[in-house]
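Student: Could you work out the structure for the sequence below:
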Amino acid sequence: MALFAALIIVAKIGLRLPLQLPGHSGVFWMAIIVVGAGIVNKRGAASLIGLTSGILAAFLGMGDFGAINTFLSYTAVGVGTDLALLLLPNLEQPISATIAAAIGHMGKFLVKWLFGIITGAPVGFIALGLLWAMVGYIVWGGLGGLLGSLTLKALRKAGFFVYMAEKR
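Tutor: Here you go, the predicted model:
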């Protein structure tokens with residue numbers, strides 16, 4: 001799981017898209033969380049991946065609002081994904097993975113929104129871009145979940161899970 005957490009950090013650093021759209025990086029790191037949670041297939045796997053990547057990201061000084069916000073944002077993504085997986089446990093189903101990843105990615109949005117309120121940002125300013133940002137987080141997170149689901153299917157087709165079962 002630490003490998004997936006490190007992959008999230010590498011994806012965040014190395015796969016920058018100059019789109020200037022809210023939540024667009026979710027397409028990469030939600031795919032990694034979905035694949036990690038699908039391979040480990042235990043409750044709490046996504047939360048542990050989110051927590052570990054949050055620690056790494058905060059330590060490396062990533063994020064735009066400081067270490068606490070970064071740590072909480074990454075952790076909320078994992079926890080949100082795990083909560084969604086309680087209702088939608090099959091990540092190889094594209095619809096389940098898309099919904100679970102969209103819900104998980106909304107965790108990051110909620111942390112940023114709450115920090116905006118706590119720090120005293122004007123409510124009008126927050127509400128102005130709120131709907132656009134929320135839609136962006138849902139769409140990009142969902143696309144990442146779909147990508148993760150397709151990756152899990154490809155791994156199953158390639159025999160990865162059979163290989164791992166033999167190694168145990």
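
Student: Could you report the neighbour count for Val79?
Tutor: Residues lying near Val79 (other CB atoms under 10 Å) number 19. Just so you know, the C-beta spots here come from the backbone N, C-alpha and C atoms, and that holds for glycine as well.

Student: OK, contacts around it?
Tutor: 46-47, 50, 107 (CB atoms under 8 Å, 6 or more residues apart in numbering).

Student: and Asn90, how far is that from Val139?
Tutor: 22 Å (CB to CB, to the nearest Å).

Student: Of these two, which one has the most company?
Tutor: Val139 (18 against 13).

Student: give me the element the more buried one is part of.
Tutor: Under the criterion of DSSP states H and E, Val139 resides in helix 123-157.

Student: That helix: what's the following helix or strand?
Tutor: Downstream of helix 123-157, the next assigned helix or strand under DSSP H and E is helix 160-167.

Student: how many degrees apart are that following helix and helix 123-157 in direction?
Tutor: With axes from the mean of the first three to the mean of the last three CA atoms, to 10 degrees applied, the angle from helix 160-167 to helix 123-157 works out at 70 degrees.

Student: what's helix 160-167 in contact with?
Tutor: Helix 160-167 has contacts (CB under 8 Å, 6+ apart) with 39, 155.

Student: Is it correct that Ile138 is in contact with Met106?
Tutor: Yes: assessed by CB atoms under 8 Å, Ile138 is found in contact with Met106 at 6.5 Å.

Student: what helix or strand does the residue nearest the centre of the chain sit in?
Tutor: Centroid check for the chain by CA atoms, centre = their mean gives Met30 as the closest residue, at 3.6 Å. Per DSSP H and E: Met30 is located in helix 26-40.

Student: now that helix and helix 160-167, what's the angle there?
Tutor: Between helix 26-40 and helix 160-167, the angle comes out at 40 degrees (the same axes, to 10 degrees).

Student: Can you name every helix or strand that helix 26-40 contacts?
Tutor: Packed against helix 26-40 by the contact rule (3 or more CB pairs under 8 Å, 6 or more residues apart in numbering; DSSP states H and E) you find helix 2-14, helix 45-59, helix 67-87, helix 94-118, helix 123-157.

Student: If we use 10 Å, what do you get?
Tutor: Counting contacts by 3 or more CB pairs under 10 Å, 6 or more residues apart in numbering; DSSP states H and E, helix 26-40 packs against helix 2-14, helix 45-59, helix 67-87, helix 94-118, helix 123-157, helix 160-167.
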